[in-house]
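Student: build me a structure from this.
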Amino acid sequence: MAMSPDLRRLSHFIAVAEAGGFTSAAKRLHLSQQALSHSVQQLEREIGATLLARSGRRIALTPAGKTLLDEGGALLAAAATIASHTRAAASRQPDAFVIGHSPAISNYEVYALIEPAITAAPATSFTVVQMFPDRLTTGVRDGDVQLGLRRAVVPQERLAGAVVRYDAVRVAVRSEHPLATRARITISDLATETIALWAPPGASYYSDFLVNACRRAGFEPQYRVSRVQGCPPEVAAMTENAAAFVTAPAGPALDGSVTVLDLDEPLLVPLQALWQPHTKSAVRDLILHRRS
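Tutor: Numbering: from 1, shown residues only. Reported below is the predicted structural model:
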């Protein structure tokens, strides 16, 4: 019967796979090549599968090795998280919970989502950090971020995820803009407007979502990537002198300098939560189980 992989040997295998050979991996791990090779062989015996095809000094991953490389990293990261939580519990230090969110989600929206958990978990310290999507997913995968929040549904092979809720998309414009006098607008009303995005299409699933909404309305949008990040999304209406898709409530914003307008036909965008697989978190459960 095959055994579960030893985590130290698993880390050795991943180092070899990522380095492309035993020589550089052994130097990085401060091990002899013989000891490293023996460790990987022991891992293969534990799992009951050949992980590396060896040809002299050259190696190649077998299908089993590719699978273990893809999924083993998540297991190591989860083990590190579990060890960290255990040490914190033993020292009775406050549990630290870091929430990362993409620029398309405001701090206010994050706070509204986690406020019940803040109340229910008084021994936990919370930190909210805005991050670009690539840093966000890396942070969650490595265990530096306990919960990631982003717009649109992005396939994540090495992360666990769920749609927390769907939010109504609205449009923010300068309050002196002609559209600001309207009670509601349609997406097609933006056909001649410049639209502010937080990342270029193709680099962001949320940007792709918004561009495709414009295409369904019958036009190819003119867009500009916002040069100001970290502020509420509706700020882009001012800084870029453009129409910005936001999820803020309809009405005046930014002391009246911006007006947020409802769309005639509702456009809903998902809020996706991402977290490290193989881990449990009572605080995370408090946040995710409160869905609107």
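
Student: give me the number of residues near the closest residue to R158 other than its chain neighbours?
Tutor: Spatial nearest neighbour of R158, excluding adjacent residues (CB to CB, 6 or more residues apart in numbering): A74 at 4.9 Å. Where you see a C-beta, it was placed from the backbone N, CA and C, and this is true even at glycine. Using other CB atoms under 10 Å, A74 has 19 other residues around it.

Student: who touches stretch 126-139?
Tutor: Contact with stretch 126-139 is made by 96-103, 107, 110-111, 114, 117-118, 145, 148, 150, 154, 156, 159, 199, 204-205, 229-230, 274, as judged by CB atoms under 8 Å, 6 or more residues apart in numbering.

Student: which members of the residues you listed are classed as buried?
Tutor: Those of those that meet the buried threshold are 97-103, 110, 114, 117-118, 145, 148, 150, 154, 156, 159, 199, 204-205, 274, by 16 or more other CB atoms under 10 Å.

Student: helices of the chain, residue ranges please.
Tutor: 7-19, 22-29, 33-47, 63-91, 107-120, 133-142, 205-216, 236-239, 282-288 (DSSP state H).

Student: tell me who's in contact with the nearest residue to G72 once chain neighbours are set aside.
Tutor: Ranked by CB to CB, 6+ apart and with sequence neighbours excluded, the top spatial neighbour of G72 is L10, at 5.1 Å. Contacts for L10 (CB under 8 Å, 6+ apart) come out as L43, L68, G72, L75, L76.

Student: the third one against P5, yeah?
Tutor: What it means is G72. Yes - if you go by CB atoms under 8 Å, G72 and P5 touch, sitting 7.2 Å apart.

Student: picking that back up, weakest of the helices of the chain by average pLDDT?
Tutor: Comparing mean pLDDT over the helices of the chain, the weakest stretch is helix 63-91, at a mean of 78.

Student: and the residue nearest to I187 when sequence neighbours are not counted, backbone torsions?
Tutor: Residue nearest to I187 in three dimensions, not counting chain neighbours: A217, with 4.1 Å by CB to CB, 6+ apart. Note on A217: backbone dihedrals following degrees, to the nearest 10 are phi -80, psi 0.

Student: rewinding a little: can you flag which of the buried ones among the contacts of stretch 126-139 belong to strands?
Tutor: F97, V98, I99, G100, H101, G148, R150, L274 (DSSP state E).

Student: farthest pair within those?
Tutor: By the measure CB to CB, F97 and R150 form the most distant pair in these, at 17.5 Å.

Student: ok, back up a step: is it possible to get a markdown table of the contacts of L10 that adds neighbour count and distance to R87?
Tutor: Below are these laid out as a markdown table (neighbours: other CB atoms under 10 Å; distance: CB to CB, whole Å):
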| residue | neighbour count | distance to R87 |
| --- | --- | --- |
| L43 | 23 | 26 |
| L68 | 23 | 27 |
| G72 | 20 | 23 |
| L75 | 18 | 19 |
| L76 | 18 | 17 |
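
Student: adding distance to Q34, write the residues you listed out as a markdown table.
Tutor: As requested, the contacts of L10 are arranged in a markdown table below (distance: CB to CB, whole Å):
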| residue | distance to Q34 |
| --- | --- |
| L43 | 15 |
| L68 | 22 |
| G72 | 22 |
| L75 | 26 |
| L76 | 23 |
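
Student: which one of the residues you listed is nearest to K280?
Tutor: For those, the closest approach to K280 (CB to CB) belongs to L75, at 14.5 Å.

Student: what sits closest to that closest one if chain neighbours are left out?
Tutor: H278 (6.1 Å).

Student: which residues sit in contact with the one you found?
Tutor: A74, L75, A78.

Student: return the distance of it relative to D208.
Tutor: 30 Å (CB to CB, to the nearest Å).

Student: now swap in T137 and tell me
Tutor: Counting by CB to CB, the gap from T137 to D208 is 16 Å.

Student: between these two, which one's more packed in?
Tutor: Using other CB under 10 Å, the more surrounded residue of T137 and D208 is T137, with 20 against 16.

Student: residue ranges with poor pLDDT in the stretch 151-292 of the chain?
Tutor: For the stretch 151-292 of the chain, the stretches with pLDDT under 70 are 156-157, 290-292.
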